[in-house]
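[1] show me the folded form of this:
(one chain, ligands or ions: 1)
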Amino acid sequence: MTLKIVISGFGTVGQGVAEVLERKQDFIKRRFHRQVRIVAAFDSRSLAHDDGGLDPELLLERKSSSGMVGDPRPSDMCRFLRETEFDVLVEVSPTNIETGGDGLLFIREALNKGAHVITVNKGPLALHFRELNDLAKKKKVQLRFEGAVGGAMPIINLCKENFMGERILTIQGILNGTCNFILSRMDKGLPFGQALKEAQELGYAESDPSYDIDGIDSASKVAILANAVFDRDVTFSDVSVTGITAITEDAIALAGDQNMVIRLIGEVSPDKLEVAPRLIPKGHPLSLSGTLNMAQINTDLAGPITISGRGAGRIETASAIFSDLVAILEAERQ
Ligand code: HSE
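    The predicted structure is shown next:
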């Protein structure tokens, strides 16, 4: 039986998903005796659609040569989703943290028609988690979002599935690679502005870097963790947020004199939701330099568990999406 997929958003991550699906076809066939086919892929301007399945390589070629994944798309993509037969929506369109954007509408539409949803879109999850999760339960489908926090770092499913029998006390982590890169460069003496410029040139920062440096991206991830792991009902505006723009070179130097570094830490516990720069002793796992994400999960039985991984990237984020897809295939097999 074929599993039909629609990819909403054919930017970096959407293209990574198409590539990973192509690379993993044999594995899926071997393990699940099923085929996974992309029946539609769209971005803000264009749409490719074939009920029989699209060739991922051709989709990628067309996108890179023309900037479009297919022909000009209809304006009402909710209607398209309503009228198209598919099993899983992979929603990876650009995020909108003020309203949830089109991604929110597409996720609602897919869940309502009884399709599973895999998303890394932080806006809808940080603003309307409870509603979307309840809708998925009502429709008896899965809403999965491993890649929304920490990219390839497997934090959501680790906490929800592997740690099912544990009580999670706190999660503290470096949840934004751009800020960590900037702070690490400042450790080496670079001024803030120059470090930010480097992060942008290297493609780490969001298109609007204030999402990163004002702590908004980290706060969204804190809200998602609170809802998903601690079963809370919060939005990203419930998170107390301080970004990194006020951190001076003097503060970094002073921290260095005391064998400390400054890192932007997100913290979630049953009664705390915070993103703030903190002094971290050098050598502590959270003193990590560079663009990696890192989280320390404190549980009642296992104690502290530390995980780390690439928080962004085409194939890295697609790996998290693929792990969610495998979980859906596994659940359907049982
Ligand atoms: N801009 C984000 C970061 C990307 O730097 O971590 C992943 O959400």
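[2] could I get the contacting residues of the residue of the stretch 1-150 of the chain found nearest the ligand?
    Of all residues in the stretch 1-150 of the chain, Lys122 sits closest to the ligand, at 7.0 Å by CB to the nearest ligand atom. C-betas here are computed from N, CA, C, even on glycine. Residues in contact with Lys122 (CB atoms under 8 Å, 6 or more residues apart in numbering) are 95, 97, 148, 217, 220-221, 224.
[3] if we use 6 Å, what do you get?
    By CB atoms under 6 Å, 6 or more residues apart in numbering, the residues touching Lys122 are 95, 148, 220.
[4] name the element the last one belongs to?
    When you say that, I think you mean Ser220. Applying DSSP states H and E as the criterion places Ser220 in helix 216-229.
[5] and that helix, is it in reach of the ligand?
    Yes - using CB under 6 Å from any ligand atom, helix 216-229 reaches the ligand at Asp217.
[6] quick check: phi and psi at the closest residue to Thr235 other than its chain neighbours.
    Nearest residue to Thr235, sequence neighbours excluded (CB to CB, 6 or more residues apart in numbering): Leu127, at 5.2 Å. The phi/psi pair for Leu127 (degrees, to the nearest 10) reads phi -110, psi -30.
[7] surely Leu127 meets Gly100?
    Yes - between Leu127 and Gly100 there is a contact under CB atoms under 6 Å: 4.9 Å.
[8] secondary structure element for the closest residue to Glu198 other than its chain neighbours?
    Closest residue to Glu198 apart from its sequence neighbours, by CB to CB, 6+ apart: Arg185 at 6.3 Å. Under the criterion of DSSP H and E, Arg185 resides in helix 177-187.
[9] hang on, the earlier thing: ok, the residue of the stretch 1-150 of the chain closest to the ligand to Ser46 distance?
    Between Lys122 and Ser46 the distance is 24 Å, computed by CB to CB, to the nearest Å.
[10] likewise Asn121?
    Where Ser46 is concerned, Asn121 sits at a distance of 19 Å (CB to CB).
[11] what does Val92 give?
    15 Å.
[12] more crowded one of the two?
    Val92 (28 against 18; other CB atoms under 10 Å).
[13] would you map the helices across the stretch 51-200 of the chain?
    Secondary structure of the stretch 51-200 of the chain (DSSP state H, counting those that start in this stretch): helices at 56-66, 77-83, 101-112, 122-138, 155-157, 177-187, 192-201.
[14] what's the closest of these to Ile38?
    Across the helices of the stretch 51-200 of the chain, the minimum distance to Ile38, taken as CB to CB, is reached by helix 56-66, at 6.2 Å.
[15] any idea of the angle the one helix or strand in the chain whose mean pLDDT sits lowest forms with helix 177-187?
    When the helices and strands of the chain are compared on mean pLDDT, DSSP states H and E, helix 192-201 comes out lowest with a mean of 92. Helix 192-201 and helix 177-187 meet at an angle of 140 degrees, taking axes from the mean of the first three to the mean of the last three CA atoms, to 10 degrees as the criterion.
[16] so is helix 192-201 next to the ligand?
    No - shown here: helix 192-201 not in contact with the ligand (CB under 6 Å from any ligand atom), separated by at least 7.7 Å.
[17] kindly report the same for stretch 2-13.
    No - applying CB under 6 Å from any ligand atom, one finds stretch 2-13 out of contact with the ligand, separated by at least 9.7 Å.
[18] what's the domain layout of this structure?
    Listed by automatic domain parsing, the domain ranges of the chain are 2-152+314-332, 159-310.
[19] hmm, who's touching stretch 191-208?
    177-178, 181-182, 185-186, 212, 291.
[20] give me that answer again for 8 Å
    Counting by CB under 8 Å, 6+ apart, 94, 177-178, 181-183, 185-186, 190, 209, 212-213, 217, 244-245, 247-249, 291, 312 sit against stretch 191-208.
[21] mind listing what's buried in it?
    192, 195-197, 199, 204-206 (16 or more other CB atoms under 10 Å).
[22] what's the answer for stretch 319-327, then?
    For stretch 319-327, by 16+ other CB under 10 Å, it's 319-325, 327.
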